[in-house]
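Colleague: The following block contains a protein sequence and its predicted model.
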Amino acid sequence: MTPEQIAAACKPLVLELGEAFSRCPSTLRRARLLGISGWAFYITGRAGALGDVRAETVASALGFIAPEAVADGWDAAARAVPPLEVAAANLAECCRWGTSRLGDAPDVSRLAGLLGRAVDAADGSAMPLFAAWRAMPMPDPSAGARAAVGLLLLREHFAGAYLLAVRASGLTPLEAVLAGPEGEAGAAACGWVPPYPPVGPLVRRRIWAEAVTDRLVSPAFHALGPAGGAELVDLLTAARLHARRG
């Protein structure tokens, strides 16, 4: 497998596993303990690694969420708790989920090691969220936690690369969401308000952007070599099955 093929094979697995902890009821309880809404926790939990910045900066980094929806969550959280504190709480929940759901997954130590190598080799240029998260200290050294954090980091790497590719394709973030599998429902979930532009002419550009995303992310997987990349795909597949059963 080429690095681009490995990236394409890993992408759906990383995107699913890298955000699974955020939907866990325990993670949502953490938001209540901090005195903020689930939406505020999601926005600030993802972007809080950037530190105390303006909502406009956060919207630019997240890209695919409507700026007004970003501001609603970010500003509401900032009135109650510092952004870095929310990010640290989010990271702790990621580690907790990883220990609980992946701690006894097949070869989880090997999975954590391969993910860590890919994260270390990834190019963070023009990807501020990924770079900020990679600089966050790891609070839990267990294999399950390291695997979960590696998945979170690679998910942000894929998301950052996709945002760059979408803009290079000439699409706006809203158009990319509309041309995706969830269409208008996905746009509404991201806070975009109708009326929406027609989707038909956008799909081909989105497919091109997906391919460019794989190319932008491929250096992370090049570091693993063909055998290591293929092993990572197998371990991620097993981890997804294990997490779903859990």
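Modeller: Right, received. Where do you want to start?

Colleague: Run through the protein and note the low-pLDDT ranges.
Modeller: Across the chain, the ranges flagged by pLDDT under 70 are 246.

Colleague: Go through it and flag its longest helix.
Modeller: Across the chain, the longest stretch assigned as helix under DSSP state H is helix 143-169.

Colleague: For that one, which helices and strands make contact with it?
Modeller: helix 3-20, helix 83-97, helix 108-121, helix 128-134, helix 173-179, helix 203-222 (3 or more Cβ pairs under 8 Å, 6 or more residues apart in numbering; DSSP states H and E). All C-beta atoms are positioned from the backbone trio N, CA, C, and that covers glycine.

Colleague: Dump those into JSON lines; add distance to Pro67 as well.
Modeller: Formatted as JSON lines, those follow (distance: least, Cβ to Cβ, whole Å):
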{"stretch": "helix 3-20", "distance to Pro67": "21"}
{"stretch": "helix 83-97", "distance to Pro67": "17"}
{"stretch": "helix 108-121", "distance to Pro67": "29"}
{"stretch": "helix 128-134", "distance to Pro67": "16"}
{"stretch": "helix 173-179", "distance to Pro67": "10"}
{"stretch": "helix 203-222", "distance to Pro67": "21"}
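
Colleague: Dump those helices to JSON lines, plus distance to Leu28 and mean neighbour count.
Modeller: Putting the helices and strands packed on helix 143-169 into JSON lines (distance: least, Cβ to Cβ, whole Å; neighbours: other Cβ atoms under 10 Å) gives the following:
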{"stretch": "helix 3-20", "distance to Leu28": "13", "mean neighbour count": "20"}
{"stretch": "helix 83-97", "distance to Leu28": "9", "mean neighbour count": "21"}
{"stretch": "helix 108-121", "distance to Leu28": "25", "mean neighbour count": "20"}
{"stretch": "helix 128-134", "distance to Leu28": "20", "mean neighbour count": "21"}
{"stretch": "helix 173-179", "distance to Leu28": "24", "mean neighbour count": "22"}
{"stretch": "helix 203-222", "distance to Leu28": "29", "mean neighbour count": "19"}
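
Colleague: Among those helices, which comes closest to Arg29?
Modeller: Smallest distance to Arg29 across the helices and strands packed on helix 143-169 (Cβ to Cβ): 9.2 Å, for helix 83-97.

Colleague: tell me the angle that closest one makes with helix 143-169.
Modeller: Orientation note: helix 83-97 sits at an angle of 120 degrees relative to helix 143-169 (axes from the mean of the first three to the mean of the last three Cα atoms, to 10 degrees).

Colleague: what separates helix 83-97 from the chain centre, distance-wise?
Modeller: 14 Å (Cα atoms, centre = their mean, to the nearest Å).

Colleague: Need the residues that contact that helix.
Modeller: Contact with helix 83-97 is made by 20-22, 24, 26-27, 30, 34, 36, 41, 44-53, 74, 77, 136, 139-140, 142, 145, 148-149, 152, as judged by Cβ atoms under 8 Å, 6 or more residues apart in numbering.
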